[in-house]
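>>> Structure here, sequence nowhere to be found:
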C-alpha cells in the first residue's frame, strides 16, 4: 500500500493578507498607457500592435513576480503559482478594449488577479492547490463582431461557422489573422483546457452599469450573466419617388421598420419587471436604402439585441419580435427577412462561489448587492466547464466603453482584496 | 562587359578579441556605473542576449557579483511594422525584474542605423521608468539614420553602405568571430 503523502501544514486561510494597493494601481496605469488616445481613451483592439504590447507587458509583470508563465497558441496568458495538488483556482479577465474605450473594462480583473497571486507568492502561503492569474484574448466583439474569443476556445465553445463569418471593418478575416499566428481551424480544439484542471474561475470586473452607485454599494456579487439573442431584420418594400407616389400605393420599408422598433421597446418593457427573467431589448443600428430625402425607403435593416439572464424569457421576446415583424410585413405587403446573428445562452454562476463572496463581504461589513450582469464576460464561457464567480466594482454613472469610464481607486483595491480572499477560501474548500 | 560583383570577406575579430573587447567594456561599465548595485543588462534578441550573458559572467569574475540579465524582443516596436505583420508572440521578452529606477545597459551585437535601439528604448519605457538607459555594442559600423550613439563599443568599423558585418557567437553560430564583407568590382 502506498504510504499517504504527508499533509502540508496549511496555515489558516483567514490569516490577514493584504494586497499591495500602490503596485496594483501603478500596473493598471502602465497598461492604460498602452493604446492611450484622445481624452484619456484607450484603444487596444484584439490582435492589434497595441493589444499585443499590453499582453507583452503582462507577461513581463508575471515573470517579474516569479510566476510560471504560459501563453497558449491564440495568446491566452496563464501565470501560475504552484501549490499543493489538484486543479487550480483561476482568476482573470481581458486586456483588449473597444475603440476609444476606458481604462478599467478588463484590466481591473487581470491586474487585480495578478496582484492577488503576487500577494500569495510574497506571503509564501502554503497553498492547497495551484493558483493562476489569467488573461483571455479578444473578449470584446469590437473588431471582429466575435466576443469572448479566448475564453470560448478555452471552454471549447467555438463553432467553426461563427469564426468563418468574423471579419473586421477593413475586411480582414479573423480566420486569416489566426492563420498568421499559426492557429488553424483544426488546431482550435487543442486550445480547450481540461475542465478537470480548473477548480474554479473568478473574475473581478467593473459593473458597466449604474446599479451599485445608485444603491451606494461597494461590491456586486454576480448571480448570472445575461446573454444576447441578436437578430437582423430586413424589410424590403419598394423605393419610389417621394413626390409622385400616392400614400396608398407605397411600400415604405422604413415606416414598417419604425413600427417594429416601437414594438421592441414595448415588449421589452412589458417583460422588464419579472424578477427572474428581466429582459432588455435594443434596436442599436439601422441601415436604410436608398437613404435620401426624396426617395421612399425601399429597404430597411434593423439590428436587434435582446438580453436576459433567463433563456426562456429572452427567446419568448425574440419570437414575439419575429412574429410582429412578419405581421407588419404581411399587412404592408412587403418582404421581410429575419437573420439570426450569434445567440448565446444566459449563464448562472456557481452558487457556492456566490455564497463565499457574500460571506467575505458580510465579515468585512462591506455594503454589497447580489445582482445579475447585463453585459457578457469571459466568466460566462468558463462557467460552461467549471464553477465560475464574478465580483463587480462600481462604475461612475454607469458609464463604460467610453473614456469617461471611471471606478475610484479605493473601490478597485477593495475589489482586488475581496478577490484575493475569495481565491484563498475557494482554494481551501473541498470540492 | 559587365562584371559580376565580387564580395571580399575578412575576419576582423576572433574569439580571443571578442572576449578581450567584452572584458574591456565590462570594466568600463563597472567603473562608470558605480559598481553593480542597481545595474542590469538587457540583451536584444538574438545575439545581444548572449553578449549580455557574457558581460554578466565577466562581471561576476571581476567583482564576485552577477548583473541581472533580461531578454528583449523588439518586434512589436519596429518602425516598419505596417509592412511586417507581427506573429503574435508576446512572451519573447523576458525581464525577470522591475526596471523602475534601474540603470539599464542595453546590449546588441551591431549598431548600424539606430532603429533597433529606438525600438528597444520605446519597449523599455512601456515596461517602466528606468533611471537611465545606456548602450553597449560589440560592433559600431556607422551608417546612423537616427540620433543614437553607443556608450560602450567593442570595435568601430567604418563600413560603406553596401558592406556587411556579421557577428557570430558560439551559442548560436558554433564559432566566435566577426566577419566583414564588402562589395568590390
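That came in fine, so what should we check first? Remember, predicted model here, so these are calculated numbers, not experimental data.
>>> Which residue ranges of the chain form strands?
Just so you know, I chose chain A. A:68-71, A:77-81, A:88-94, A:131-136, A:198-206, A:219-225, A:227-236, A:279-289, A:299-308, A:335-343, A:347-348, A:368-373, A:388-393 (DSSP state E).
>>> Actually, chain B is the one I wanted.
In chain B, the segments counted as strands under DSSP E are B:6-13, B:39-44, B:69-72, B:103-111, B:132-140, B:152-156, B:164-168, B:177-184.
>>> Residues touching stretch B:57-70, excluding its own?
B:22-23, B:26-27, B:29-30, B:35-36, B:39-43, B:49, B:52-53, B:55-56, B:93-97, B:99 (Cβ atoms under 8 Å, 6 or more residues apart in numbering or on different chains). All C-beta atoms are positioned from the backbone trio N, CA, C, and that covers glycine.
>>> ok, residue B:119 to chain A distance?
12 Å (Cβ to the nearest Cβ, to the nearest Å).
>>> isn't that residue right up against residue B:74?
Yes: the pair residue B:119 / residue B:74 is scored as a contact, 4.1 Å apart, by Cβ atoms under 8 Å.
>>> Who is the residue positioned nearest the centre of chain B paired with across the strands?
Against the mean C-alpha coordinate of chain B, by Cα atoms, centre = their mean, the closest residue is residue B:108 at 0.6 Å. Beta-bridge partners for residue B:108, by DSSP bridges, are residue B:137.
>>> got the contact list for it?
So residue B:108 contacts B:43, B:44, B:47, B:48, B:51, B:116, B:117, B:120, B:135, B:136, B:137, B:138 (Cβ under 8 Å, 6+ apart).
>>> Now the two most distant members of these.
Using Cβ to Cβ, the two most remote members of the contacts of residue B:108 are B:120 and B:138, lying 15.5 Å apart.
>>> burial measure for the closest residue to chain A within chain B, as a count.
Nearest residue of chain B to chain A (Cβ to the nearest Cβ) works out as residue B:88 at 3.7 Å. Residue B:88: 21 surrounding residues under other Cβ atoms under 10 Å in any protein chain shown.
>>> Kindly state the pLDDT recorded for it?
Looking at residue B:88, its pLDDT stands at 86.
>>> which residue packs closest to it, ignoring adjacent ones?
Leaving aside its sequence neighbours, residue B:88 sits nearest to residue A:181 (Cβ to Cβ, 6 or more residues apart in numbering or on different chains; 3.7 Å).
>>> residues in contact with the one you found?
Residue A:181 neighbours (Cβ under 8 Å, 6+ apart): A:47, A:73, A:74, A:75, B:87, B:88.
>>> How far does stretch B:125-141 sit from its chain's centre?
Distance of stretch B:125-141 from the chain centroid (Cα atoms, centre = their mean, to the nearest Å) equals 9 Å.
>>> Check which residues of that stretch are buried.
Buried positions in stretch B:125-141, judged by neighbour count with 16 or more other Cβ atoms under 10 Å in any protein chain shown: B:126-128, B:130, B:133-141.
>>> Alongside chain A, which residues does chain B contribute?
Contact residues (Cβ under 8 Å from any Cβ of the partner chain) of chain B with chain A: B:76-77, B:81, B:85-88, B:90-91, B:93-98, B:126-128.
>>> now do 10 Å
Residues of chain B lying near chain A by Cβ under 10 Å from any Cβ of the partner chain: B:70, B:72-73, B:75-78, B:81-82, B:85-100, B:122-123, B:125-129.
>>> What is the neighbour count of the nearest residue to residue A:66 once chain neighbours are set aside?
In space, not counting the residues next to it along the chain, residue A:66 is nearest to residue A:121; the distance is 6.0 Å by Cβ to Cβ, 6+ apart. Residue A:121: 18 surrounding residues under other Cβ under 10 Å.
>>> quick one, what contacts residue A:121?
A:65, A:66, A:67, A:79, A:81, A:82, A:83, A:127, A:131 (Cβ atoms under 10 Å, 6 or more residues apart in numbering or on different chains).
>>> export the buried residues of stretch B:125-141 to TSV and tack on pLDDT?
Below are these laid out as TSV (pLDDT from 0 to 100):
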residue	pLDDT
B:126	96
B:127	96
B:128	94
B:130	94
B:133	96
B:134	97
B:135	98
B:136	98
B:137	98
B:138	98
B:139	98
B:140	98
B:141	96
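>>> biggest separation within those residues, which pair?
Of all pairs drawn from the buried residues of stretch B:125-141, the widest gap by Cβ to Cβ lies between B:128 and B:141 and measures 30.6 Å.
>>> which of the residues in stretch A:350-358 are buried?
Result for stretch A:350-358 [16+ other Cβ under 10 Å]: buried residues A:350, A:353, A:354, A:356, A:357.
>>> Wait, residue A:151 touches residue A:225, no?
No: if you go by Cβ atoms under 10 Å, residue A:151 and residue A:225 don't touch, sitting 11.8 Å apart.
>>> who touches both of these two?
Listed contacts common to residue A:151 and residue A:225 are A:203, A:377, A:378, A:379, A:380, A:381, A:383, A:388; contacts here mean Cβ under 10 Å, 6+ apart.
>>> Bridged to the last one, which residues?
The one in question is residue A:388. Here residue A:388, judged by DSSP bridges, has bridge partners residue A:201.
>>> which residues in the chain form helices?
Looking at chain A here, since you left the chain open. Remark: helices assigned in chain A by DSSP state H are A:21-33, A:49-64, A:107-123, A:149-154, A:160-164, A:174-180, A:211-214, A:253-270, A:311-331, A:351-363, A:378-382, A:409-428.
>>> My question was about chain B, not that one.
Per DSSP H, chain B carries helices over the ranges B:15-32, B:47-63, B:115-127, B:170-173.
>>> what about residue A:151 and residue A:225, which has more around it?
Using other Cβ under 10 Å as the criterion, residue A:151 and residue A:225 rank with residue A:151 on top: 31 against 27.
>>> and the more buried one, what is it in contact with?
By Cβ under 10 Å, 6+ apart, the contact set of residue A:151 is A:76, A:92-94, A:134, A:136-139, A:157, A:193, A:201, A:203, A:377-385, A:388.
>>> So which residue of chain A lies furthest out from the middle?
In chain A, the residue most distant from the centre (Cα atoms, centre = their mean) is residue A:244, at 50.1 Å.
>>> Report the separation between that one and chain B.
Distance of residue A:244 to chain B, computed by Cβ to the nearest Cβ: 51 Å.
>>> Ok, residue A:366 next?
32 Å.
>>> How confident was the prediction at that residue?
Listed pLDDT for residue A:366 reads 97.
>>> Kindly report the same for the one 3 residues further on.
Note for residue A:369: predicted pLDDT of 97.
>>> right, and it touches residue A:221 too?
Yes: Residue A:369 lies in contact with residue A:221 (Cβ under 10 Å); the separation is 7.1 Å.
>>> Many thanks, we can stop here.
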